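Enquirer: quick one, what's the 3D model for this:
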Amino acid sequence: MLSQGDLLALVESAKELSYELDLSDLLHKILERAGQLTDSPSASFIVKDGEREGYYFAAAIGPVAKSLLETMGETGSKRIPESSSAGKVYRSGDSLVQHSVKSDPEHFKGVDQETKHETESMICVPLNVGSERIGVVQLLNKTTGNYTPRDVMLLEHFAAHAAVAIRNARHFRDLLAHKGLFTSPRTGKKTGDLLKELESSARAERMTVVFADMRGFTRLAQVLGDPKEIEGHLNEFLTLLATQVTHYDGLVNKFLGDGVLALFREGDHELRAVRCAFSIVERFTELRDQWNTKRAESLNFLDVGVGIVTGNVIIGSIGSGRVKDFTVLGNLVNLAAAFEGQARGGLRVLVDQVTYNAVKRIVAEVGGDPVDYELRKPDQPSGIVYKRIHIRRLRPEIGEAEVVMKEDGSVRPRRAADLRTYYNDSWAIVVGVDTYKSPHVGRLSYAVADARAVAEGLPKAGFPPDHIEMLQNEKASKEAIQKAIYGKLMSTNRDDRLLIFFALHGQVLKQHKGEEGYLLPYDADPSNLPLSALPMAEFAQIGQRLPPKHILFVLDTCFSGYAAKRDVIATDSTVDLSVLTREPVVQLLTAGTGGQKVIEEGGHGIFTRSFLKGLEGWADPARSGLTALKLAVYIQERVVVESENRQTPQYAKLNGEGEFLFLPPDK
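Expert: Residues are numbered from 1 along each chain as shown. Model prediction:
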């Protein structure tokens, strides 16, 4: 039976869930709440894949959540099989409890093998709305003994409320998408934000407008003949368009027959729009090749064309009081549509002069000189003349293949970054702590996920995977961290580089004379930080003790600014990297100032999210060499905006005058 406290918790949970319209936040709240009700540190929402056999993780919390979502999430390469516990619960609609998962020969062990995290006990409950099965909630490794009948009953009642909330949030988001507001959760636009935008009046805004369209669709329809097959090919193409637009943080405003109108707003919108266009072209070639393997007739006549224009347009909800359409209007919208119409016969990506000026540092090749294009209506004697530029090839993004616009759509691999001119070898220590030994230290949501993402991203910057040591949760004790720093790193080479990344709690301790900042390892004792924690003031000394000529400390922790001495300064593009990187240096990059707490949202701390994006190449669009200083400037600009001035990353050189280099110039 449920206690009065359990019933009150269910009422409060239902009330809380009914207020949340944003699906991603809702799923996270559901899992957090389910974990709290049953003392479970790990929880996941699993749904059936409508296109592939099996199930995938739609949301997860816990120490291996990021790994789960990457490998077995919606876009992951692997699926949970029908024979799994989640599959059984989904099909039967009956809850399932397992007290000793290891001894169950029928339990699917693939998730544990993938994450290297052992499941000991489990409870799995279906999520139903009437006869509709939405998915299942799975909780793991109860910390206070075995799962009980009370846990099952409590979770089943909770799941009934959660299922309705999930269905409503999905419907609401779908309706907004149909209104022209389909975008990726990565943009930070919550459902409430989109609703406000839908209700706002039309206004002028500077953005990049993109039209993309399939070439040869009419002929394709004639070749295919069968309406269902035509619909299937069209849906695959439109899915490709939508996926790439949202991948580059654009907004899918409308599907127009066999094409799309997409809007790229805020920040580096021109760069994202152009990279999106080339990604569409590249992936359409792959899609066309897949279609060709299934047919006797050649479909090589199919192609794609993209028109891109940047400037001020009118955006907002247009229409009557009850029937409105969220869209964009203006001359530049018409110009982008006209460019898309002309992008054929070997011309795939056409842009205006404004867009080209914003992206030319990433352009490797254009197709001849700019062409004059006159935009006018049929009944007008004359119109406005614009410059039309054909972009044939871009410089690659870090870690990706170079997009070469040849007639056959082929690509040439980007050359591997050669760091031998600058470094003998590269090393990294990555530390993340979510849960602590002491009950007096609060739990973090994304510290381990941040650390994992950094460890997985560093090989793209030339760090060998076997030279990256990852310490997380109980393995990140003070002794373990000190052994990692003063162990084999003491025998490294003078011409090496070393990155040490921390994502954990930071705390300030008032001393007799001022204040001191500390990093809290897993076994930190908050009542005696000097003895059990890592003083931020010691990073300069640590850097002096280790052999590598370039050492960079990166701190995604609260109050980390206590370790820095000065703000980020402007870059000097005239400095010769070959000279600058000869000098030794110990550098520091922190998530905020001494008095600031870090902000976590959307699966990462906002500092680490910007760090990872900068490492992908956004911090060095000209490919002149990605240094710690360039990365710091980029991160500070993004984080200050995203946090609304609540978090200001700091940068300092603790010793030396050299410069840590992540990636060399792309000559």
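Enquirer: report how many residues lie close to residue 129.
Expert: Residues contacting residue 129 under the criterion other CB atoms under 10 Å number 14. Just so you know, the C-beta spots here come from the backbone N, C-alpha and C atoms, and that holds for glycine as well.
Enquirer: again, but for residue 88
Expert: Residue 88 - counted by other CB under 10 Å - has 16 other residues nearby.
Enquirer: what helices and strands are in contact with the helix or strand hosting it?
Expert: Using DSSP states H and E, residue 88 maps to helix 85-92. Contacts defined by 3 or more CB pairs under 8 Å, 6 or more residues apart in numbering; DSSP states H and E place helix 85-92 against strand 42-48, strand 55-61, strand 96-98, strand 122-129, strand 132-140.
Enquirer: next, format the ones you listed as CSV and append distance to residue 553.
Expert: Conversion of the helices and strands packed on helix 85-92 to CSV gives the following (distance: least, CB to CB, whole Å):
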stretch, distance to residue 553
strand 42-48, 30
strand 55-61, 28
strand 96-98, 43
strand 122-129, 39
strand 132-140, 34
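Enquirer: need the residues that contact stretch 509-524.
Expert: Outside of stretch 509-524, the residues within contact range by CB atoms under 8 Å, 6 or more residues apart in numbering are 431, 433, 435-438, 441, 473-478, 480-481, 502, 504-508, 526, 529-530, 532-537, 555, 557, 559-563, 594.
Enquirer: circling back to that earlier point, the helices and strands packed on helix 85-92: which one's closest to residue 214?
Expert: strand 55-61 (28.7 Å; CB to CB).
Enquirer: per-residue pLDDT, residue 198?
Expert: pLDDT, residue 198: 68.
Enquirer: correction: residue 575
Expert: Looking at residue 575, its pLDDT is 53.
Enquirer: same check on residue 560?
Expert: 68.
Enquirer: now do residue 248
Expert: 86.
Enquirer: state the number of residues packed around it.
Expert: Counted with other CB under 10 Å, residue 248 comes out at 22.
Enquirer: ok, and what's touching the helix holding residue 88?
Expert: Under CB under 8 Å, 6+ apart, the answer for helix 85-92 is 46, 48, 54-55, 80-82, 95-96, 98, 107-108, 122, 124-126, 133, 135-136, 138.
Enquirer: the helices and strands packed on helix 85-92: which one's closest to residue 327?
Expert: strand 55-61 (30.1 Å).
Enquirer: got the buried residues for that closest one?
Expert: Within strand 55-61, the residues that count as buried by 16 or more other CB atoms under 10 Å are 55-61.
Enquirer: let's have the residues you listed in JSON lines, adding pLDDT.
Expert: Below are the buried residues of strand 55-61 laid out as JSON lines (pLDDT from 0 to 100):
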{"residue": "55", "pLDDT": "88"}
{"residue": "56", "pLDDT": "87"}
{"residue": "57", "pLDDT": "86"}
{"residue": "58", "pLDDT": "81"}
{"residue": "59", "pLDDT": "83"}
{"residue": "60", "pLDDT": "86"}
{"residue": "61", "pLDDT": "85"}
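Enquirer: so what's residue 348 scoring on pLDDT?
Expert: In this prediction residue 348 is given a pLDDT of 92.
Enquirer: skipping its backbone neighbours, what lies nearest it in space?
Expert: Computed as CB to CB, 6 or more residues apart in numbering, the closest residue to residue 348 that is not its neighbour in sequence is residue 281, at 5.3 Å.
Enquirer: hang on, isn't the one you found packed against residue 288?
Expert: No - assessed by CB atoms under 8 Å, residue 281 is found out of contact with residue 288, at 10.7 Å.
Enquirer: circling back: only whichever of the contacts of stretch 509-524 are buried, select them in PyMOL.
Expert: A single PyMOL command selects the buried members of these (16+ other CB under 10 Å):
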select buried, resi 431+433+435+436+437+441+473+476+477+478+480+481+502+504+505+506+507+508+526+529+532+533+534+535+536+555+557+559+560+561+562+563+594
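Enquirer: residue 515 pairs with what?
Expert: residue 510 (DSSP bridges).
Enquirer: relative to residue 345, which of the helices and strands packed on helix 85-92 is closest?
Expert: Closest among those, once you apply CB to CB, is strand 55-61, at 41.1 Å.
Enquirer: hmm, back to that, reformat the buried residues of strand 55-61 as CSV; add distance to residue 328.
Expert: Below are the buried residues of strand 55-61 laid out as CSV (distance: CB to CB, whole Å):
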residue, distance to residue 328
55, 39
56, 34
57, 36
58, 32
59, 32
60, 37
61, 38
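Enquirer: residue 218: which of those residues is nearest?
Expert: Using CB to CB, those come closest to residue 218 at residue 56, 36.2 Å.
Enquirer: keep only those of the contacts of stretch 509-524 that are in strands.
Expert: Of the contacts of stretch 509-524, the ones assigned to strands by DSSP state E are 431, 502, 505-508, 534-535, 555.
Enquirer: now the two most distant members of the residues you listed.
Expert: 431 and 508, at 19.4 Å, using CB to CB across the ones in strands among the contacts of stretch 509-524.
Enquirer: poorly predicted segments of the stretch 101-250 of the chain, please.
Expert: Along the stretch 101-250 of the chain, the parts satisfying pLDDT under 70 run over 103-110, 112-116, 169-196, 198-199.
Enquirer: if we can go back for a sec, would the residue nearest to residue 348 count as being in a helix?
Expert: Yes - under DSSP: H, G, I helix; E, B strand; the rest coil, residue 281 falls within a helix.
Enquirer: that one: how many residues sit nearby?
Expert: 22.
Enquirer: quick check, pLDDT for it.
Expert: So residue 281 comes in at 91 (pLDDT).
Enquirer: distance check, it against residue 241.
Expert: From residue 281 over to residue 241 the distance is 11 Å, taken as CB to CB, to the nearest Å.
Enquirer: swap in residue 469?
Expert: 42 Å.
Enquirer: same question for residue 90.
Expert: 31 Å.
Enquirer: who has more neighbours, these two?
Expert: Counting neighbours by other CB under 10 Å for residue 90 and for residue 241 shows that residue 241 has the greater number, 25 against 22.
Enquirer: how about that one: what's its closest non-neighbour residue?
Expert: residue 260 is the one closest to residue 241 (CB to CB, 6+ apart), at 4.4 Å.
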